[in-house]
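need coordinates for the following:
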Amino acid sequence: MVPLAIAVAVLVGCPSPTDAFSPEELPELPAPVAAAPVVRGASVEPRRLRIALSGELRGELEPCGCPTLPYGGFVRRERLLGELSVAGQPLLQLDAGETLLQGLAARRDEAPELRSDLLGDLMSSIGVHAMTPGPTDLLALGVDGLRRFDARTTFPLLSATWSLPDGQALFPPSAVVEVDGLRVAVVGLSAPPAAAETRDLVITQDAVEAAQAAVDELPPSDLVVALSNLSEADADRVAEEVSGLALVLTTRSGRHDPPRRGSGSLVVEVPSRGRYLTLLSVQSGAPSGWPAEESDHELLARSWQLAEQLDVLGSKPDARPEVVAALTSEQLEVEAALSAAADGRTLVWVEDRPLGARLDGDSVSGPLIEAYKGESLERAAEVVEAATSHDGPRYASSAACTSCHSQQMARWTFTAHARAYRSLQRRDADENPECLTCHTTGFGEAGGFAKLDRFNLSRFQGVQCEACHGMLAGHPGSTDVMPEPVTPATCERCHDEANSPNFDFVSYLPRAHCTPVEKPLVE
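A predicted model of the protein is given here:
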């Protein structure tokens, strides 16, 4: 039997494939595009380096349970760095700044120097080699505070762009850091201050001019990198216009862009909040001023993996000799091939390592952070105790609001704000002062509470009326005590970019407000 499809085709006179597509009618194929030739510089002795890049930490000490991605923290970072410290493999740690100010709203640090002292101690303990201060670092501490921070730490602050109003340099423009015999020149490029209260504290030079002047003054080195918190446009200008740079390492732009390179240096951005550690594995067979290029070359990745595997096996007395021998043989082959690929070039493989729960454990950082929490609880008690001697504003607690606003209170009990403290209890964070400020009402504030006893927690747990509307003790009897309107700034004291990255005032307000909201309260 003839298949139905063929029979129908014959009946309706469909053309055969030969009739439909004549070779003479086919368009000519485009000429193959030749691959761009690899540009190489002078050949030099191969050099290996791994750079651990951090930046835009925003004062975060440990992973918070609020964001959708609970990664990060100094404990996990320290433990990952321990895994990466392979004997004979140089590891350079750099911080691009925007590190010291907690949150973008600067909502709760009455004594920012205490947090900055801890951050400096933590960064020193894990071995940071250099940092470039940014605008929010200047906002947190001012000029004198940054100098104090610089004197306290084991690493230098670098900035070629900032100078004092009298023309003196605030910090050195650059430094040459030596790790395992490798000399890396680091040029610091700080962005112009944005806050009104800091704009007159320093004079900011043009980034390209300052960077070029700093590079021209450098002593001999094996690799030259810029460490910056510049805007995306300025970072790209530096990469394109400054000669002698291999890399521009910077904080993120509005989003976290992948590594990019035009005709100049490779630009690498670090993710914010310290939730990832950006690693740059570098293999260079070019002069120090030769621009780097990104490579996903499997040889580059495999060479570091083999080094890490052999380092682990070397610490195990029961490691099988045949396994070690096989990996060693493969390593020799990979290194030879990689040296040939990087001859006259600087190849960089970039990866963002997540600081997840697998890295939890014992560390040097952990006790430092716990001691700071204890000091924070003591400081909160001192603030509250000092306030008991004056007649300033005080918190009344939501119980005082119930008699006049029973419907609003009933509605509030169904919101996430009412359950905010219980969420800390589920995560065993109900005594963490880093969390209590936003999950209770009035913690550590004059007129609020500090002792975490049953009495205070029964009155002030959760995000109550006064967390949004201000202290209301004496209302409604006193005309001087009136509730404040809720604005975006009210919410952003806690719903900042770190703890609530998807916050949107218009959509969040109806879910949290104690009265039905049909339209935004502010235009």
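
helix, strand, or coil at Ser281?
Here Ser281 is recorded as strand under DSSP: H, G, I helix; E, B strand; the rest coil.

cool, and Leu94?
strand.

partner strands of the helix or strand Trp349 falls within and their direction?
Here Trp349 sits within strand 346-354, counting by DSSP states H and E. Strand pairing for strand 346-354, determined by DSSP bridges: strand 276-284 (antiparallel), strand 293-294 (parallel).

got any ranges where the stretch 151-300 of the chain has weak pLDDT?
Scanning the stretch 151-300 of the chain for pLDDT under 70 picks out 296.

list the contacts of the strand holding Trp349.
71, 80, 223, 246-247, 258-259, 266, 268, 271, 275-286, 290-297, 300-301, 304, 341 (CB atoms under 8 Å, 6 or more residues apart in numbering). All C-beta spots, glycine's among them, are computed from the backbone N, C-alpha and C.

make it 6 Å
Applying CB atoms under 6 Å, 6 or more residues apart in numbering, the external contacts of strand 346-354 come out as 71, 246, 259, 268, 271, 276-284, 286, 290, 292, 294-295, 300-301.

circling back to that earlier point, which of the strands paired with strand 346-354 sits closest to Asp480?
strand 276-284 (49.3 Å; CB to CB).

what residues does that closest one touch?
With CB under 6 Å, 6+ apart, strand 276-284 has contacts from 47-53, 77, 80, 270, 300, 304, 338, 342, 346-354.

dump the residue contacts of Ala301.
Trp349.

so which helix or strand takes in it?
In the assignment (DSSP H and E), Ala301 maps to helix 298-314.

next one: Gly65
Using DSSP H and E, Gly65 falls outside every helix and strand.

tell me the contacts of it?
Arg427.

show the backbone phi and psi for it.
phi -80, psi -10 (degrees, to the nearest 10).

hang on, the earlier thing: buried sites along the strand holding Trp349?
Thr346, Leu347, Val348, Trp349, Val350, Asp352, Arg353, Pro354 (16 or more other CB atoms under 10 Å).

figure out how far the helix or strand where Ala233 lies is from the centre of its chain.
Assigned by DSSP H and E, Ala233 belongs to helix 232-241. Averaging C-alpha positions (CA atoms, centre = their mean, to the nearest Å) puts helix 232-241 21 Å from its chain's average.

same deal with stretch 211-227?
That offset, for stretch 211-227, works out to 25 Å (CA atoms, centre = their mean).

contact partners of it?
47, 94, 96, 132, 160, 173-174, 176, 182-189, 238, 242, 244-249, 288-289.

tell me if I'm right that Asp311 and Val86 touch.
Yes: counting by CB atoms under 6 Å, Val86 is a contact partner of Asp311 at 4.5 Å.

and the helices in the stretch 351-500 of the chain?
Remark: helices assigned in the stretch 351-500 of the chain by DSSP state H, counting those that start in this stretch are 365-387, 399-402, 406-412, 420-426, 433-439, 454-460, 465-469, 488-492.

okay if I get the ones you listed as a markdown table plus distance to Asp200, mean neighbour count and mean pLDDT?
Below are the helices of the stretch 351-500 of the chain laid out as a markdown table (distance: least, CB to CB, whole Å; neighbours: other CB atoms under 10 Å; pLDDT from 0 to 100):
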| stretch | distance to Asp200 | mean neighbour count | mean pLDDT |
| --- | --- | --- | --- |
| helix 365-387 | 31 | 16 | 91 |
| helix 399-402 | 44 | 16 | 87 |
| helix 406-412 | 44 | 14 | 88 |
| helix 420-426 | 40 | 16 | 91 |
| helix 433-439 | 31 | 22 | 91 |
| helix 454-460 | 40 | 15 | 91 |
| helix 465-469 | 35 | 22 | 91 |
| helix 488-492 | 24 | 16 | 88 |
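
distance to Glu232 for the ones you listed - can I get that in TSV?
Formatted as TSV, the helices of the stretch 351-500 of the chain follow (distance: least, CB to CB, whole Å):
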stretch	distance to Glu232
helix 365-387	31
helix 399-402	47
helix 406-412	42
helix 420-426	36
helix 433-439	31
helix 454-460	43
helix 465-469	36
helix 488-492	24
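
could you give the number of residues near Pro393?
Neighbour count for Pro393, taken as other CB atoms under 10 Å: 18.

contacts only, for it.
Shown in contact with Pro393 (CB under 6 Å, 6+ apart): Gly447, Met471.

for Gly447, see how far away it is.
5 Å (CB to CB, to the nearest Å).

repeat that for Ala396.
In terms of CB to CB, Ala396 sits 10 Å off from Gly447.

how about Arg40?
Distance from Arg40 to Gly447, by CB to CB: 68 Å.

who has more neighbours out of those two?
The neighbour count for Arg40 versus Gly447, taken as other CB under 10 Å, is higher for Gly447 (18 against 13).

where along the protein do the strands fall?
With strands called from DSSP state E, the chain shows them at 47-54, 91-95, 130-131, 162-163, 174-179, 182-189, 203-204, 223-228, 247-251, 266-270, 276-284, 293-294, 346-354.

including distance to Ser500, could the ones you listed go into CSV?
Formatted as CSV, these follow (distance: least, CB to CB, whole Å):
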stretch, distance to Ser500
strand 47-54, 22
strand 91-95, 25
strand 130-131, 27
strand 162-163, 32
strand 174-179, 37
strand 182-189, 31
strand 203-204, 31
strand 223-228, 28
strand 247-251, 20
strand 266-270, 22
strand 276-284, 19
strand 293-294, 33
strand 346-354, 21
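
out of those strands, which comes closest to His475?
strand 247-251 (44.2 Å).

Leu49: neighbouring residues, count only.
The local packing of Leu49 (other CB under 10 Å) involves 22 other residues.

find the nearest non-adjacent residue to it, please.
Leaving aside its chain neighbours, Leu49 sits nearest to Val282 (4.4 Å; criterion: CB to CB, 6 or more residues apart in numbering).

how close does Ala239 sit to Pro367?
Noted for Ala239: a distance of 41 Å to Pro367, by CB to CB.

then Pro287?
Separation of Pro287 from Pro367 (CB to CB): 45 Å.

domain assignment for this structure?
Domain ranges of the chain: 47-304+344-359, 389-512, per automatic domain parsing.

need these in a markdown table (columns: distance to Glu375).
Putting the domains of the chain into a markdown table (distance: least, CB to CB, whole Å) gives the following:
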| stretch | distance to Glu375 |
| --- | --- |
| domain 47-304+344-359 | 7 |
| domain 389-512 | 9 |
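
would you mind finding the most buried of those?
Most buried of these, by mean neighbour count (mean count of other CB atoms under 10 Å): domain 47-304+344-359, with a mean of 20.

residues contacting Ala246?
Contacts for Ala246 (CB under 6 Å, 6+ apart) come out as Leu223, Val224, Pro291, Ala292, Thr346.

chain neighbours aside, what residue packs nearest to the first one?
Read that as Leu223. Leaving out its chain neighbours, the residue that sits closest to Leu223 by CB to CB, 6+ apart is Val184, at 4.9 Å.

so that neighbour makes contact with Val176?
No: the criterion here is CB under 6 Å, and Val184 misses it with Val176 at 7.0 Å.

who touches both of those two?
Counting by CB under 6 Å, 6+ apart, nothing touches both Val184 and Val176.

list the buried residues for stretch 336-343?
Buried residues in stretch 336-343 (16+ other CB under 10 Å): Leu338, Ser339, Ala341, Ala342, Asp343.

can you pull the pLDDT of the second one?
If you check Ser339, the pLDDT there is 89.

quick check: the residue sitting nearest the centre point of the chain vs His256, distance?
By CA atoms, centre = their mean, the chain has its centre lying nearest to Ser272, at 2.2 Å. Separation of Ser272 from His256 (CB to CB) stands at 7 Å.

many thanks, we can stop here.
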